[in-house]
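K.L.:
Can you look at this prediction? I've put the sequence above it.
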Amino acid sequence: RSLLKAAVISPSYAPVYAALVAVLNTKLPEVGELILSRSILLFRRTYKRRDKVQCLAVATFLGHLFNQSVVHELLSLQILTVLLDGDPTDDSVEVAIHYLQVVGQALSEVSPTGVHAVMERFRALLHEGIVGKRVQY
């Protein structure tokens with residue numbers, strides 16, 4: 001719990017905490033699973049509350065967990081789908097952009113069709129003009 005709190009409080013150290021979780025996950029998979037489930041629950045809670053800052057921090061941590069191969073690529077694609085489907089807000093699009101910046105290269109190596117679908121959704125959002133001018137840039 002304190003590791004997750006530390007990763008959310010200081011997102012600049014998220015890669016370090018994710019590497020620590022990856023090492024712990026090799027020896028104690030239950031600990032990795034517990035941290036992952038708590039991270040997912042925290043992401044869902046912050047997304048429902050529309051707390052952009054914390055949602056961005058948790059998404060960054062989850063992205064670095066994916067980069068460390070603790071998380072399957074389906075979770076990353078599901079996070080992007082949750083953020084972009086329906087009628088996305090400017091904040092959810094910003095979180096999705098930042099999340100894709102974190103996991104983009106690794107995700108495109110593992111699932112190029114998934115990344116292509118996400119990029120098509122970004123393109124559709126730009127063409128529809130749903131997002132604000134600040135987010136478009």
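P.N.:
Great, that's in hand. Numbers count the residues shown, from 1 in each chain.
K.L.:
Tell me which helix or strand in the protein has the weakest average pLDDT.
P.N.:
For the chain, counting by mean pLDDT, DSSP states H and E, helix 133-136 ranks last in confidence among helices and strands (a mean of 63).
K.L.:
Tell me, how many residues neighbour residue 38?
P.N.:
Each residue near residue 38 was counted by other C-beta atoms under 10 Å, and the total is 14. Yep, even glycine has a C-beta here, placed from its N, CA and C like the rest.
K.L.:
pretty sure it is touching residue 2, no?
P.N.:
No - counting by C-beta atoms under 8 Å, no contact exists between residue 38 and residue 2, whose distance comes to 11.2 Å.
K.L.:
residue ranges with poor pLDDT in this structure?
P.N.:
132-137 (pLDDT under 70).
K.L.:
Which parts of it are helices?
P.N.:
The residue ranges that make up the helices of the chain, judged by DSSP state H, are 2-9, 14-27, 29-49, 52-67, 73-84, 90-110, 112-128, 133-136.
K.L.:
if you compare these, which one is most tucked away?
P.N.:
helix 52-67 (a mean of 23; mean count of other C-beta atoms under 10 Å).
K.L.:
distance between that one and the chain's centre?
P.N.:
How far helix 52-67 lies from its chain's middle: 5 Å, per C-alpha atoms, centre = their mean, to the nearest Å.
K.L.:
Report all helices and strands that that helix contacts.
P.N.:
helix 2-9, helix 14-27, helix 29-49, helix 73-84, helix 90-110 (3 or more C-beta pairs under 8 Å, 6 or more residues apart in numbering; DSSP states H and E).
K.L.:
Now residue 106: closest residue in space that isn't a chain neighbour?
P.N.:
The shortest distance from residue 106 to any residue that is not its chain neighbour, by C-beta to C-beta, 6 or more residues apart in numbering, is 5.2 Å, and that residue is residue 67.
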